[in-house]
Structures are given as structure tokens and as C-alpha cells.
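> can't give you the sequence, but here's the structure:
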């Protein structure tokens, strides 16, 4: 058969060409239908992808609704919190006033009996010479102790000397207060010195009222404070994890929210060693003692500023706890939840005062002054409270907004006074699959106003906060500047540090309008 086909191949080819020619119309129709089928199949695949994306958006919309409900509930909590906080603050002032009143009587009474039995008051009639000699003596002792600390090899002796240094520094201030009070009484009839003595006495009382012995920080360890840890994980789930979408989960290397919650519940904190606790306690107490160190007690403004700073800080430290997060947590960035500051291992090994103060501010926003007090400053800065879900065109931005435990509420717009435009400020992931929490940009998005006064976003490229001239002219910082909660935390950490630290941040920061507005708010 094959041989016959080969033998008659020419006839077969001629017949085949003849068939194709006679049925060319049908062959063309068949090819056309087949092409349409391929195109239809491709369209079906594309439509399937669109439906998948639509389902994804519906799921995200439910998250938006939850977020909107969160704002309503959170506002109610803030309102109730302020009422309770006002009552507590009122009671605190009454009790504190009584303690201050009793403090001077008891402290000076005991002080005389224990330390000054053989002290000859007549040898110190000249108050100016006494202060000069006393300051020189304290400075020499302080430098001598500081050199001894550096040469000590025994860590326990070093820590004990640090504590004694703090206590001696506090006692020095009490001593000055006692003799200034005594000399003021002896010179009461001296008209030329009366005003100067009274002013000096008032300054000393301000600092003395805030003077406490070395304080103990409150630490939270996973195997010791079990109840505190359980309270913390429950708080985190309700107030933080429930607002985490798929993009934020991906940045934290989680597949779904359930695995994320389990990780937080069972592997949140690491154990803080005794050495780490001792080092942290000594470090913070030495920093607090700097509010008194080398004080001449003659500058009233400086004295009042130190009193305000110290009072603000001590109120926070009495109500917060410190924990150490495990290595996977929040890319090891320090943050807070409820009344707990969570530092990484690096902070305990290399203690940072600025970072410590920054996180204390976030605690104060929840359990101290309260967020409503801070919002007064935000409004003065030009921030506007506005639900960004209602901003048209912002859906993709909201989904890519990096969730921050210290600034969950991102419903803030900023009105720039230089160009009179409104912007949304935030930290936005660079894609829907960020490789970690650092894969984000700090930007400002210009918004426009519609016919009915509503805001909308037209998709314009955001302004980098570090390169945005108007933004830097007002705030003047290049880090932690993408949310008002972070801006105020950065400002306070600078304000409670020394002048050299301020010059490292920005030599012109004190001339920035935003920083000046903050200083007025903080001092009042």
C-alpha cells in the first residue's frame, strides 16, 4: 500500500491541490474560527484574573470597614480615657502636694540629726563663700569618683559606686536648700539681698520637690511575669494585629494572620538577664542625675525647664514596663504596646538615651497625658483629622501603608502654610510584596479638593520627606517624621538630650517653626 502511494504521489498531490482550491472558502472559514477561539480563550484568562483581583479588593474593603469602626470605638475610648485621666491627675496633684509638704519637714529634720550633729553654723555665715566651696568640693569628688569607676574591674563595685554617686548628688541639692533657707531667714531684713535670696530659694524648692532617690525600672520577663505577658499579647491582638492586612503580613514574613497571632502569643519576648537589668537601671539613673549635675541653681528658666522635663519623665517611668523582643519581632525596631516598651537585644548591649525617651513618649500618648493632649499640638502644627478612606483614589495607598504599633491611626492630613496645599504624610511600602519592613518610602501626597469640598488623590508621585523643602523648613528633622506621633517623639528625645546632640541632628532646629511650637506646648 505504501508502495502504491509513493508510486502515485504526483496524482495524489494534484488531487490534493485540486481539493484545496475547490474548498478554499471553507478552509478560510475554519482558520478564521480557530483564530477567534484562541482570542476568546485569552480573554477568558484575563477576565479570571480580574475577578481574582476584584475578590481581593472586596476582602480589603472589609478591612477598611473594620478600620473605620476602629476609629469610632477609639474615639469613645479616648473620650472616656480623658475623663478618668483628669480624675486621676486631680487626685495625683492633691497627694503629691501633701507628699511635697511633708518631704521638706521630714527630710531636713532627719538631715540635721544624722549629718550635721557637729556642724558649726557660725563658720558658714557667708552664704556666697559656702556655695562656692561646696560646688568646688562636689565637682572634685564627682570627677574623682568618675575616674575610679573607669579603673574598677569589679562590675558589682562599679554599679554600687554609680548608685552612691546619684544619692550623693541628690543629697548635695538638699544641703543647699537647707542652708539657703536658713540664710534667707537670717537676712530677711536685708533689703538689698531679699529679692535675690527669695528667687534662689524658690528655684531650689522646685528641684527639691522632684528630687527622688534612684528609681527601679519595671521589667517584664516571659517566664516570670506571666499575667503581664498574657495581658500584653491580648492587647496586641485586639489593638494591632486585627488591623494587619496581607501586605503588612508579607513584610513580616507571615503567610496568614493566624500564624502571626500564634507567633506573637508564644514567642514575643526574650528573657532579660540580671546584668542587663542592672546596666539599664544604672544607665537611666545616671541620665536622670544629669538634670542636677553641675547645676549652679541661678538660672530660673533653666531650672524650670529641668523641673518640667524631670516631672514628665518620672510620671512615665512609674507607669511603664520594659521588655526585650525576640529577633524576629518588627525587624528588631524598638516600639511600644499598651504600657510596655519593647527594645531589641542591641539596645540592652548599647544603651541609647534618645531611643529610650522616644519610646517613653509613645507610652505617654496612651497612659500619661493621653493622645488628646498631644493632638492639641498636632492641630497647631497644621495637621487635620480626616478619615483617609473617604479620600478618593487613596485605596492602593492605604493598602500599602506600613502599620506602625506606635501610630496605628493614619487619618492625618497636613496643610502646608507655604504653598497652602493639603498633603497626606506616611510610610508606604514600595510594592504589594515588600521584602521587609524597611522596603518603604516616607512620602507626602498632594491632595485636591472636589466640588463638594471632599479630598481626592489624582495619583501624582509623592514627595520624599527629606527632599521636600517646605516640609523641612517647618519640621527640620530627617528621621521619624512620617506621622505626628513620631515627630513629637523625635522632638522630645532631642529636647531631653544635651546641646551637642541637638547640633548633630540639625544646627538650625531651634529656628524651625514646628520645633518652636513644640517647645511652647511642652513647657505649658
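On my side now, so go ahead. Just so it is clear, the structure is predicted and the values come from calculations on it, not from any experiment.

> and stretch 480-489, end to end?
8 Å (C-alpha to C-alpha, to the nearest Å).

> same check on stretch 369-389?
OK, stretch 369-389 end separation, C-alpha to C-alpha: 28 Å.

> was I right to think residue 317 contacts residue 360?
Yes: using C-beta atoms under 8 Å, residue 317 is in contact with residue 360, at 7.4 Å. For the C-beta atoms, the positions are set from N, CA and C on the backbone; glycine is no exception.

> adjacent strands (with direction) for the lengthiest strand in the chain?
Ordering each strand of the chain by length in residues (DSSP state E) puts strand 440-449 first. Paired with strand 440-449 in the same sheet, following DSSP bridges, are strand 422-429 (antiparallel), strand 455-456 (antiparallel), strand 463-464 (antiparallel).

> touching it from outside, list them.
If you take C-beta atoms under 8 Å, 6 or more residues apart in numbering as the criterion, strand 440-449 is touched by 391, 394, 397, 402, 413-414, 421-430, 434, 455-458, 460, 462-466, 468, 471, 481-482.

> what does stretch 382-389 give?
With C-beta under 8 Å, 6+ apart, stretch 382-389 has contacts from 64, 67-68, 71, 375, 394, 397-398, 410-417, 422, 424, 455, 474, 484.

> of the residues you listed, buried ones?
Buried residues within the contacts of stretch 382-389, counting neighbours by 16 or more other C-beta atoms under 10 Å: 64, 67, 375, 394, 397-398, 410-414, 416, 422, 424, 455, 474, 484.

> how is this protein carved up into domains?
By the record's domain assignment, the chain is partitioned as 216-370, 377-523 (automatic domain parsing).

> which one of those domains lies nearest to residue 10?
domain 377-523 (63.3 Å; C-beta to C-beta).

> end to end, how far does that closest one reach?
By C-alpha to C-alpha, one end of domain 377-523 lies 12 Å from the other end.

> average pLDDT across that domain?
Taken as a whole, domain 377-523 has a mean pLDDT of 92.

> any figure for the gap between residue 23 and residue 14?
Between residue 23 and residue 14 the computed distance is 15 Å (C-beta to C-beta, to the nearest Å).

> scratch that, residue 433
Using C-beta to C-beta, we find residue 433 at a distance of 62 Å from residue 14.

> residue 478 too?
In this view, residue 478 and residue 14 are 84 Å apart by C-beta to C-beta.

> the two: which is more packed in?
Taking other C-beta atoms under 10 Å, residue 478 and residue 14 do not tie; residue 478 has more neighbours (14 against 10).

> look at that one and tell me its secondary structure.
Secondary structure, DSSP: H, G, I helix; E, B strand; the rest coil: residue 478 is coil.

> name the element the closest residue to it other than its chain neighbours belongs to?
Distance criterion C-beta to C-beta, 6 or more residues apart in numbering; nearest residue to residue 478, sequence neighbours excluded, is residue 466 at 5.2 Å. Element membership for residue 466 (DSSP states H and E) is empty, with no helix or strand holding it.

> touching, residue 466 and residue 476? I think so.
No: assessed by C-beta under 8 Å, residue 466 is found out of contact with residue 476, at 11.2 Å.

> more neighbours, the two?
residue 476 (20 against 12).

> contacts only, for the closest residue to that one other than its chain neighbours.
Spatial nearest neighbour of residue 476, excluding adjacent residues (C-beta to C-beta, 6+ apart): residue 512 at 3.8 Å. For residue 512, the contact set (C-beta under 8 Å, 6+ apart) comprises 473-476, 506.

> returning to what we had before: filter the contacts of strand 440-449 down to the buried ones.
Of these, these count as buried by 16+ other C-beta under 10 Å: 391, 394, 397, 402, 413-414, 422-429, 434, 455, 457, 462-463, 465, 468, 471, 481-482.

> which residues does residue 424 bridge with?
Under DSSP bridges, the beta-bridge partners of residue 424 are residue 413, residue 445.

> next up, the contacts around it.
Residue 424 is in contact with 388, 391, 394, 397, 412-414, 444-445, 447, 457, counting by C-beta under 8 Å, 6+ apart.

> could you dump those to TSV with distance to residue 3?
Shown next, in TSV, are these (distance: C-beta to C-beta, whole Å):
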residue	distance to residue 3
388	83
391	82
394	78
397	76
412	89
413	89
414	91
444	85
445	80
447	84
457	79
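
> wait, which of these is closest to residue 328?
Distances from residue 328 to the contacts of residue 424, taken by C-beta to C-beta, are shortest for residue 397, at 27.3 Å.
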